[in-house]
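Undergrad: coords below, sequence missing:
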DNA sequence: GTCAACCTATAACTTTTGGTTATGGGTTTG
DNA sequence: CAAACCCATAACCAAAAGTTATAGGTTGAC
């Protein structure tokens, strides 16, 4: 079985027809027919049964496909890596962060870093955790900045700082407490929920489920900033990370600490196997300082 | 980057020269030269620096190679799977077991199974645990029979029976105890050690290390049968699995139970994703009975 | 029942890829 | 300093993979 055979088999199996596979691979239909036939001849067994002009995969094909898929995932990421390695990025720091961090802290840190090092250049984007991990492996970024990630193989972590989840509410709303607020206090307020894919959202939702309280959820959102924005618009209260809560202090919300706060860490991620460039190392340290400072400012 | 490029790059990188790679892939040296050049042209960056007639991998090459290796392992196993799927084995049960089990229990079970089902056919071999897992995935065998394996993804387990580690000694040797023996009792005897790759050997060695006793190890062997054979020849005492100890009862050894015996399970392994054939299922049940019977016989 | 719209397979031909041998120019080494 | 390596290039060839054109099943709407 040659590599091209695998390629074609994969396309035919997953698109369920020779013609579709041809479109998928941007070649003509007869080409696929021929290569597939060639593969079967060489293997000595049918991969598809031709019945009434349709192809139905044989037992062997099903079995093979499972393995082929695995190889394919890797192959795909390899392709991308090989492309990404081509783009020269001397002295460029490529960073992806989760939206919560990317909208405020990172820009701030980058801006002040550039001020001090006018040589340095950045490429920035916001992604979700899993995409950040993929991008690291594909050589698309040098650093990922996230909340409390699970640990991944071949990924090293640098702690940048820590914070806690806080409650945000419209500033004009009068809440039953002054100092720290408990989950139970939120019970009869309109609540904006995080439908958490990220580690923080998951943690919070588990906690809420465990509390057995029946929250009056008026909206469920993906990103913390969106939750905060909803709160500012008077839609209800929400529990979000301290970073997002602290950003844009002019906005029309009040921030309350929780009675039993969930703490989290902010970490920078990089490949273990690839030594970080000196600029990157400097930037990580700079980030730590920026976050330190950010977190020590008086909360609104 | 085409697939052939990856193939050639892998060969050149791992054999450290174009000529060696050519031998490795059974093609001429200029062919490799050309394909490699083509790959570099297309990628837009050098994979190797040509210095004084030698090739030294660039930074990019190092990075790529790590990923390529992963893909390669999978690709290789895929190739084998595709070949193995070709060989028809209707009604044939293909089994690999660890040597300890393969030399006695399995043959016994197979023999009696054939007696009852004269249609059935077997292919047997002995392998170590990791090779058994690989063979399962490559479709080379239907069943693996092993001691206490760690769990592997996509591998299902059937418990066949259990036993314990026992001490074996030459029959004429007079040991300080009659009934159960402790590790401490073995302290000043010549000891045959298992340098355990398998799960059982590892477990035992950990236990011995923990006991802080200073064993007088005269030989270190790989398989239980070899240890037993050494014991029979008077080389010393050994701790081995009950199955091996019980096999060939005519041999010139005595078996003693340990004071704190390590128990183990015997398991059949099969792919989770591939339904076991009916004959295989029957055979697994037959194996359970055979082992049951084997273990209930009086120990020598 | 027939026609349009699918599908796949084959034939005939071209292009691209990967392969060959022959050769030449560097390095290293005994 | 020759012998024994290394790699690159040129000229040529075979196989693989691509093309268009065409033909023959199935299916479903009318």
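TA: In hand now; what should we look at? Please read all numbers here as calculations on a predicted model, not as lab measurements. Numbers count the residues shown, from 1 in each chain, chains lettered A, B, ... in the order given.

Undergrad: Residue for residue, what is the longest helix chain A has?
TA: Looking across chain A with DSSP state H, the single longest helix is helix A:59-86.

Undergrad: Regarding the residue of the stretch 151-300 of chain A found nearest DNA strand D, what is its secondary structure?
TA: Per Cβ to the nearest atom of the strand, residue A:273 is where the stretch 151-300 of chain A lies closest to DNA strand D, at 25.5 Å. Just so you know, the C-beta spots here come from the backbone N, C-alpha and C atoms, and that holds for glycine as well. Three-state assignment for residue A:273 (DSSP: H, G, I helix; E, B strand; the rest coil): coil.

Undergrad: what does residue A:132 give?
TA: Residue A:132 ends up helix, using three-state DSSP.

Undergrad: quick one: contacts for it?
TA: Counting by Cβ atoms under 8 Å, 6 or more residues apart in numbering or on different chains, residue A:132 makes contact with A:96, A:97, A:98, A:141, A:144, A:146, A:269.

Undergrad: I'd like those residues laid out as CSV, including neighbour count, distance to chain B and pLDDT.
TA: Formatted as CSV, these follow (neighbours: other Cβ atoms under 10 Å in any protein chain shown; distance: Cβ to the nearest Cβ, whole Å; pLDDT from 0 to 100):
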residue, neighbour count, distance to chain B, pLDDT
A:96, 27, 18, 88
A:97, 25, 23, 88
A:98, 27, 25, 87
A:141, 26, 14, 88
A:144, 25, 17, 93
A:146, 26, 23, 92
A:269, 24, 17, 93
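
Undergrad: The residues you listed in strands, which ones?
TA: A:96, A:97, A:144, A:146, A:269 (DSSP state E).

Undergrad: Report the spatially closest residue to the second one, excluding sequence-adjacent ones.
TA: In this case it means residue A:97. Nearest non-adjacent residue to residue A:97, counting by Cβ to Cβ, 6 or more residues apart in numbering or on different chains: residue A:145, 3.8 Å away.

Undergrad: wait, the one you found sits on residue A:266?
TA: Yes: counting by Cβ atoms under 8 Å, residue A:145 does reach residue A:266; the two are 6.9 Å apart.

Undergrad: any common contacting residues for the two?
TA: Shared contacts of residue A:145 and residue A:266 (Cβ under 8 Å, 6+ apart): A:101, A:160.

Undergrad: Identify the residues contacting the closest residue in space to residue A:269 that isn't next to it in sequence.
TA: Spatial nearest neighbour of residue A:269, excluding adjacent residues (Cβ to Cβ, 6+ apart): residue A:144 at 4.0 Å. Residues in contact with residue A:144, defined by Cβ under 8 Å, 6+ apart, are A:95, A:96, A:97, A:127, A:132, A:133, A:135, A:136, A:268, A:269, A:270.

Undergrad: Closest one to DNA strand C out of these, please.
TA: residue A:135 (28.7 Å).

Undergrad: Look up the closest residue to the closest one, ignoring the ones flanking it.
TA: Excluding the flanking residues, the one nearest residue A:135 by Cβ to Cβ, 6+ apart is residue A:141, at 4.7 Å.

Undergrad: related to what we said a few turns ago, closest one to DNA strand D out of the ones in strands among the contacts of residue A:132, please.
TA: The shortest approach to DNA strand D among the ones in strands among the contacts of residue A:132 belongs to residue A:96, at 34.2 Å (Cβ to the nearest atom of the strand).

Undergrad: Would you mind measuring from residue A:43 to chain B?
TA: Relative to chain B, residue A:43 is positioned 6 Å away (Cβ to the nearest Cβ, to the nearest Å).

Undergrad: From residue A:71, how far off is that residue?
TA: Applying Cβ to Cβ, to the nearest Å, the value for residue A:43 to residue A:71 is 16 Å.

Undergrad: These two - which one has more neighbours?
TA: residue A:71 (21 against 18; other Cβ atoms under 10 Å in any protein chain shown).

Undergrad: Look at the nearest residue to the more buried one once chain neighbours are set aside and say how many residues are nearby.
TA: Using Cβ to Cβ, 6+ apart and skipping residues adjacent in sequence, the residue nearest residue A:71 is residue B:74, 4.5 Å away. Neighbour count of residue B:74, defined by other Cβ under 10 Å: 18.
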